[in-house]
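Peer 1: Just need the structure, nothing else, for what follows:
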Amino acid sequence: MRTDLYIDGQWCKPIKGGTFAVINPATEEIIHHAPAGTAEDIDAAVTAARRAFDEGPWPRLSGGERARYLRAIADGIRTCQAELAQLEVIDNGKPLPEADWDVADAAGCFDFYAGLAEGLDANGAEPIALADARFASRAVKEPIGVAGAIIPWNYPLLMASWKVAPALAAGCTMVLKPSELTPLTALEVGAIADDVGLPAGVLNIVTGFGMDAGQPLIDHKDVDKLAFTGSVPTGSRVIAAAARDIKKVSLELGGKSPFLIFDDSDVEKAVEWILFGIFWNQGQVCSATSRVLVQDGIYDRLLRRLVEETRKIKIGDGLATGTLLGPLVSKRQHDQVLSAIDKARSAGATIAAGGQRAPGFNKGYFFEPTIIINAPLDSDAWRQEIFGPVVCVRSFSTEAEAVALANDSRFGLAAAVMSADDERTERVAAALRAGIVWINCSQPTFTEAPWGGYKQSGIGRELGRWGLENYLETKQITRMTGKDPWGWYIK
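Peer 2: From the prediction side, this is the model:
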């Protein structure tokens, strides 16, 4: 485990020399002391990234040359996959099979953007047809510059890849600030980048607390682009800082995603996708389908089966064989989920399963998978993101009612619909106000497809070609080709 920051191609101690404890959420034990970066370290990192962009080779390399570095990083991640997955488990708490999946996805992300980097060479300039034949014009894509990225704790390595890979593919340089709760694998990305010979200053990684390192990064005037994934309140601060200097910004924020299940659905398949949609990664997923709407005809049967299967989920340390639900990431998160359950009860909701600290665990932030029914439509349980293994279930009668209930939210990240009627699923998918809609499933995520939300769920899109465009500017270049004088002032 790394004890230094990665700045300008060098491992270095924080300028003020501090560290902070990294805690295993399954045992509550301190497993590491990570370097605590501050504003001085952020300034050093941004200065290095600025110099690497303005004076270094990186943005001037061809897309194919950058692609070779990205593929080498992907290979480095795969070489260390087992070790990285173990780090994710002891850092974040998720079950080992989930962590292993995440690491493989992270490597695939670098491979995907290597291909798009090569495509920048192949596509070149886009000719523009002008009404005036005396001129020829083209549009070209160029890297934005220095990108500042702040990532959350729920998918530490994967969220780093979602930002680092497209930024580097575009030719940008970057300062990455991971969550202080899960800093371990982000620093390993720096080690892999260093091993493959990435030019100094192209990727800089500063661990530390939000106000000490994150805020100085979003405030830094030499940062051209801010990319943030996290909570709505912090996202508001990021966009406010970006507005002061007119920085480019992309935000992926919270969600309270609905899952509409019609009564012609297969109940067993519906239960499986409900479980996956809310209990994967302990429900600490921005797109989690945490509001389940079930048509009257199958509501009682589906709820009975959902409760039965929820109670079978094996809770435990993410490194233990067979664990399907690990601990929440921190004591604070555990306490927030418990408080949300208490508020739901006070509002009149019924707890159909779970609702408390998982029994049998003297240590660790373990929480039972929880089903809430009869939550009032104006309650926090129904309207606010809990970010834990908690799902609210209620019934509906008609398609119009279900769509109205689904769309009645300040969020619009994701939604899902299940029915045997393909025409209905397409109709409902078109009506749902969300950036991602799943049909007859919930949560599958693909590097090739756009990711992002409507309303307060964010601005812009990550992944796919849209993720690359986050880090590109469009330049118009126009040449006068006509031989006759312009003749406006000089006749």
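Peer 1: Touching, G214 and P178? I think so.
Peer 2: No: applying Cβ atoms under 8 Å, one finds G214 not in contact with P178, separated by 9.8 Å. C-betas here are computed from N, CA, C, even on glycine.
Peer 1: out of those two, which sits in the more crowded spot?
Peer 2: Shown here are G214 and P178; by other Cβ atoms under 10 Å, P178 has more neighbours (29 against 25).
Peer 1: Measure how buried G355 is and give me the count.
Peer 2: G355 has 21 neighbours, counted by other Cβ under 10 Å.
Peer 1: and it, how far is that from G326?
Peer 2: 18 Å (Cβ to Cβ, to the nearest Å).
Peer 1: likewise A131?
Peer 2: On the measure of Cβ to Cβ, A131 and G326 end up 62 Å apart.
Peer 1: ok, and what's touching stretch 316-330?
Peer 2: 23, 25-27, 86, 89-90, 92-96, 98-99, 153-154, 181-182, 279, 282, 284, 313-315, 334, 337, 364-367, 369, 388-389 (Cβ atoms under 8 Å, 6 or more residues apart in numbering).
Peer 1: Can you turn the buried part of those into a ChimeraX selection?
Peer 2: This is the ChimeraX syntax for the buried subset of the contacts of stretch 316-330, where burial follows 16 or more other Cβ atoms under 10 Å:
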select :23,25,26,86,89,90,92,93,94,95,96,98,99,153,154,181,182,279,282,284,313,315,334,337,364,365,366,367,369,388,389
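Peer 1: now, which of the contacts of stretch 316-330 lie within helices?
Peer 2: 86, 89-90, 92, 96, 98-99, 279, 334, 337 (DSSP state H).
Peer 1: Next, format those residues as TSV and append pLDDT and distance to V437.
Peer 2: Shown next, in TSV, are the ones in helices among the contacts of stretch 316-330 (pLDDT from 0 to 100; distance: Cβ to Cβ, whole Å):
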residue	pLDDT	distance to V437
Q86	98	35
V89	98	31
I90	98	35
N92	98	28
L96	98	31
E98	98	23
A99	98	27
F279	98	21
H334	98	31
V337	98	27
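Peer 1: A21 is in contact with E28, isn't it?
Peer 2: No: judged on Cβ under 8 Å, A21 makes no contact with E28 at a distance of 10.8 Å.
Peer 1: ok, those two, which is more surrounded?
Peer 2: Higher neighbour count among A21 and E28: E28, with 14 against 11, using other Cβ under 10 Å.
Peer 1: who are the neighbours in contact with the more buried one?
Peer 2: 331, 363-365.
Peer 1: let's see it at 7 Å
Peer 2: Residues in contact with E28 (Cβ atoms under 7 Å, 6 or more residues apart in numbering) are 363-364.
Peer 1: just to revisit the earlier point, looking at A131 and G326, which is more packed in?
Peer 2: Neighbours were counted for A131 and for G326 using other Cβ under 10 Å; G326 has more, 29 against 5.
Peer 1: what's the more buried one sitting at in phi/psi?
Peer 2: phi -90, psi -170 (degrees, to the nearest 10).
Peer 1: Okay, it and A358: tell me how far apart.
Peer 2: 10 Å.
Peer 1: Doesn't S179 belong to a helix?
Peer 2: No: according to DSSP: H, G, I helix; E, B strand; the rest coil, S179 belongs to no helix; its state is coil.
Peer 1: For it, report the pLDDT, please.
Peer 2: S179 carries a pLDDT score of 98 in this model.
Peer 1: Kindly report the same for A104.
Peer 2: Looking at A104, its pLDDT is 98.
Peer 1: Which strand or helix spans it?
Peer 2: helix 96-123 (DSSP states H and E).
Peer 1: Give me the distance between the helix or strand that that helix is followed by and the centre of its chain.
Peer 2: Per DSSP H and E, helix 96-123 leads on to strand 126-128 as the next helix or strand towards the C-terminus. Its chain's C-alpha centre and that of strand 126-128 lie 34 Å apart, by Cα atoms, centre = their mean, to the nearest Å.
Peer 1: List the neighbouring strands of the helix or strand just after strand 126-128 plus their orientation.
Peer 2: Once the chain leaves strand 126-128, the next helix or strand it forms, by DSSP H and E, is strand 135-143. Next to strand 135-143 in the sheet, as set by DSSP bridges, lie strand 126-128 (antiparallel), strand 472-480 (antiparallel).
Peer 1: Can you give me the buried ones in strand 135-143?
Peer 2: 136, 141, 143.
Peer 1: Columns pLDDT on top of those, output as JSON lines?
Peer 2: Shown next, in JSON lines, are the buried residues of strand 135-143 (pLDDT from 0 to 100):
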{"residue": "A136", "pLDDT": "97"}
{"residue": "K141", "pLDDT": "96"}
{"residue": "P143", "pLDDT": "98"}
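Peer 1: Make TSV from those and add distance to Y489 to it.
Peer 2: Below are the buried residues of strand 135-143 laid out as TSV (distance: Cβ to Cβ, whole Å):
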residue	distance to Y489
A136	23
K141	35
P143	38
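Peer 1: Between those residues, which sits nearest E188?
Peer 2: P143 (25.1 Å; Cβ to Cβ).
Peer 1: State the distance from that closest one to G348.
Peer 2: For P143, the distance to G348 equals 53 Å [Cβ to Cβ].
Peer 1: same thing with H334?
Peer 2: H334 is 24 Å from G348, by Cβ to Cβ.
Peer 1: hang on, the earlier thing: wait, which of the strands paired with strand 135-143 is closest to G76?
Peer 2: It is, among those and with distance given as Cβ to Cβ, strand 472-480, at 25.4 Å.
Peer 1: Give me the buried positions along the closest one.
Peer 2: L472.
Peer 1: Next: stretch 263-279.
Peer 2: For stretch 263-279, using 16+ other Cβ under 10 Å, the buried residues are 263, 265, 267, 270-275, 277-279.
Peer 1: tell me the contacts of G56?
Peer 2: 199, 201.
Peer 1: Name the SS class of it, please.
Peer 2: Per three-state DSSP, G56 ends up coil.
Peer 1: Next one: it from I42, what distance?
Peer 2: The value you get for G56 to I42, if Cβ to Cβ is used, is 19 Å.
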